[in-house]
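Enquirer: starting from these lines, generate the structure:
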Amino acid sequence: MKTLRNVMLASATALSAVTFGLTAPAAHAATPLNYVALGDSYSAGSGVLPVDLSSPLCLRSLANYPRVIASRTGARLTDVTCGAAQTKDFTASQYPGVPPQVAALGPDTELVTLTIGGNDNGTFINAMTACGTAGLLSGGKGSPCKDRYGSGFVDQIETNTYPALKAALRNVRDKAPGARVAALGYPWIMPPTADPSCFAKLPVASGDVPYLRDIQAHLNAAVERAARETGATFVDFSEVSEGHDACKPGGTRWIEPLLFGTSLVPVHPNALGESRMARHTMDTLGLG
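Expert: Next comes the predicted model:
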């Protein structure tokens, strides 16, 4: 009987040890990441419903990619993304009552995501407005936007946006030295070549479609270079967003067109796009 009791006691002790060994890591994994989301309207999900009414000037969505990441990982999210943000708004107030974005960071921040740079020099809005107007006036023929502006947009990215991106990412690193920082590229807005059926939604001349896409490629390359040089992880959308540009039908496109789209803010990600941006970011970071 004594022997039986000893065997049972030893078995119980071994089972307890195994159980402890299995549960201890799970308890550690359950500790939520301290996650801060920075960035512009692509991060904020501007135009995607429902709207976060806590900061109405920022046009922040409750379904933006930071919220999706937080909901899927259980992270503790501080979301200070803001529509129309530029790199300068990381260290200065964008609007009255809206603190500089890096003020949300601290030594305990573990994860930071951001999209930034597209609004510096008015790159996105100026290029889309200029090329859309030129496309309408030309009836979709030729490359009137490229003919007029040439390398001007790309030159501004190299001269102004790229160094500003590096400075912004260094400020993030200074404020959150222990954080993993993910700098996202921008998903494709334009297809590789002109789609005549898309002109009503994106009135860009056929020769300016690859021109605009090249501008976006240069911007993404600047983000990638700045990320690499500051120790951040670049999240590249050049492959995964192919075939999901603003010319594609609803349910396929990640970006809404300039005209006749379904979002309140044109030429921005829709809910599907924000969800896919979250998924690819998580895959890149190995967050499951």
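Enquirer: and whatever helix or strand Arg279 lives in, average pLDDT?
Expert: Element membership of Arg279, judged by DSSP states H and E, is helix 271-285. Mean pLDDT, helix 271-285: 98.
Enquirer: measure how far that helix is from the centre of its chain, please.
Expert: Counting by Cα atoms, centre = their mean, to the nearest Å, helix 271-285 is centred 8 Å from the centre of its parent chain.
Enquirer: quick one: buried residues of that helix?
Expert: 271-282, 284-285 (16 or more other Cβ atoms under 10 Å). C-beta coordinates here come from the backbone N, C-alpha and C atoms, glycine included.
Enquirer: contacts for stretch 147-157?
Expert: Residues from elsewhere that reach stretch 147-157, judged by Cβ atoms under 8 Å, 6 or more residues apart in numbering: Gly117, Asn121, Thr123, Asn126, Ala127, Ala130, Ala134, Asp214, Ile215, His218, Leu219, Ala222.
Enquirer: how about the helix holding Arg279 as PDB, C-alpha atoms only?
Expert: Output in PDB follows, covering the C-alpha atoms of helix 271-285 (Å, rounded to 0.1, in the frame of the first residue of the first chain):
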ATOM      1  CA  ALA A 271     -12.100  48.200 -45.000                       C
ATOM      2  CA  LEU A 272     -10.800  45.300 -47.000                       C
ATOM      3  CA  GLY A 273      -7.600  47.100 -47.700                       C
ATOM      4  CA  GLU A 274      -7.100  48.000 -44.000                       C
ATOM      5  CA  SER A 275      -7.700  44.300 -43.100                       C
ATOM      6  CA  ARG A 276      -5.200  43.100 -45.700                       C
ATOM      7  CA  MET A 277      -2.600  45.700 -44.500                       C
ATOM      8  CA  ALA A 278      -3.000  44.300 -41.000                       C
ATOM      9  CA  ARG A 279      -2.700  40.700 -42.100                       C
ATOM     10  CA  HIS A 280       0.500  41.300 -44.200                       C
ATOM     11  CA  THR A 281       2.000  43.400 -41.400                       C
ATOM     12  CA  MET A 282       1.400  40.600 -38.900                       C
ATOM     13  CA  ASP A 283       2.900  38.100 -41.300                       C
ATOM     14  CA  THR A 284       6.000  40.200 -41.900                       C
ATOM     15  CA  LEU A 285       6.500  40.700 -38.100                       C
END
